[in-house]
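1. Quick one: sequence plus predicted model below, questions after.
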Amino acid sequence: MTDKRALRLHLRAARADFEPHALTIPDALRGRLAPGLVIAAYVPIGGEVDPAPLLAIARTAGCVIALPHVVDRATPLRFLDAAGTLGNGPFGLRQPAADATVLAPDIILTPLVGFDRRGNRLGQGAGHYDRAFADHPAAWRIGLAWSVQEVPGLAPDPWDVPLHAILTELEWIIAMPCHAPPAGPMPS
Ligand SMILES: Nc1nc2c(c(=O)[nH]1)N(C=O)[C@@H](CNc1ccc(C(=O)N[C@@H](CCC(=O)O)C(=O)O)cc1)CN2
Ligand SMILES: Nc1ncnc2c1ncn2[C@@H]1O[C@H](COP(=O)(O)OP(=O)(O)OP(=O)(O)O)[C@@H](O)[C@H]1O
């Protein structure tokens, strides 16, 4: 199974079948949470890892939470303040109202379909996160996935921007130890 479409189908099924596990939030991440830091999260669909435990810690640390707002496949997503009431969006998503405040994320918690240990990522295929990463190059890109979503190697496309780290129920996988975003090097 080499083509992306087939791999997506297979990994979405593995993700949906996986029984949710508790997440251990690594000190490396916990230690970075500070008042005013903007964390872009997501409301899970299709068996995705629920970032809620991490968000609870982030809120206590004074972070501001943003959520993606999507119009359709072609339109770039915007990260909007999650504080207001959420409504229904396309693809079964829950998202902020279109007129909520636009925020620039410092950390982008990224839902994954698949990943490899080098930080390559398979998403929904609309390019929403590819474009969001290009728009916010200084943000830390942290993927959340179940361990069953790991594949040995994904061939990156020219537009792919790799993840800095991936959090699974088993591991905190640092993919880019040498990359130092403005906030400082990703601690191990
Ligand atoms: N929870 C969550 N929020 C997210 C994403 C995501 O992957 N997960 N996105 C990621 O980019 C963006 C929304 N983009 C999306 C683009 C395409 C499809 C999509 O094609 N969905 C399939 C069903 C997928 C499934 O079964 O899991 C469909 O509607 O046919 C979904 C989201 C922003 N918000
Ligand atoms: N920076 C960008 N600007 C405009 N289009 C982009 C950009 N990056 C990627 N794309 C387009 O988005 C699509 C992404 O497809 P791809 O299969 O790589 O998505 P993916 O790996 O599932 O990631 P995503 O989660 O971002 O959808 C491609 O058609 C690509 O041309």
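-> That came in fine, so what should we check first? Residues are numbered from 1 along each chain as shown. Ligands and ions are numbered 1, 2, ... in the order given.

2. now the lowest-mean-pLDDT helix or strand in the chain, how far from the chain's geometric center?
-> Averaged element by element with mean pLDDT, DSSP states H and E, the chain has its least confident helix or strand at helix 27-30 (a mean of 93). Centre-to-centre, helix 27-30 and its host chain are 16 Å apart (C-alpha atoms, centre = their mean, to the nearest Å).

3. going forward can the numbers begin at 50, since that is how I track them
-> With 50 as the first residue, the last one maps to helix 76-79.

4. tell me what the very next helix or strand once past that helix is packed against?
-> Using DSSP states H and E, the helix or strand that follows helix 76-79 in sequence is strand 87-89. Secondary-structure packing of strand 87-89 (3 or more C-beta pairs under 8 Å, 6 or more residues apart in numbering; DSSP states H and E): strand 113-118, strand 156-160. Where C-beta positions appear, they are placed from N, C-alpha and C, glycine not excepted.

5. Now the phi/psi pair for Trp189, please.
-> phi -70, psi 130 (degrees, to the nearest 10).

6. Likewise for Asp130?
-> phi -50, psi 130.

7. Give me every residue in the protein lying close to ligand 1.
-> By C-beta under 6 Å from any ligand atom, the residues of the chain that approach ligand 1 are 61, 91-95, 97, 117, 119, 126, 140, 142, 160, 172-173, 175, 177-178.

8. ok, 8 Å please
-> Neighbours of ligand 1 within the chain, by C-beta under 8 Å from any ligand atom: 61, 64-65, 91-97, 116-117, 119, 122, 126, 138-142, 144, 160-162, 172-178.

9. now the strands for the protein?
-> Applying DSSP state E to the chain gives strands spanning 87-89, 113-118, 127-130, 135-137, 143-145, 156-160, 163-164, 170-171, 189-193, 214-216, 221-223.

10. what about the longest one and ligand 2, any contact?
-> It stands for strand 113-118. No. On the criterion C-beta under 8 Å from any ligand atom, strand 113-118 is out of touch with ligand 2, staying 10.6 Å away.

11. need the longest helix for this structure.
-> helix 53-66 (DSSP state H).

12. so that helix versus strand 156-160, what angle?
-> 90 degrees (axes from the mean of the first three to the mean of the last three C-alpha atoms, to 10 degrees).

13. buried ones in helix 53-66?
-> Lys53, Leu56, Arg57, Leu60, Arg61, Ala63, Arg64 (16 or more other C-beta atoms under 10 Å).
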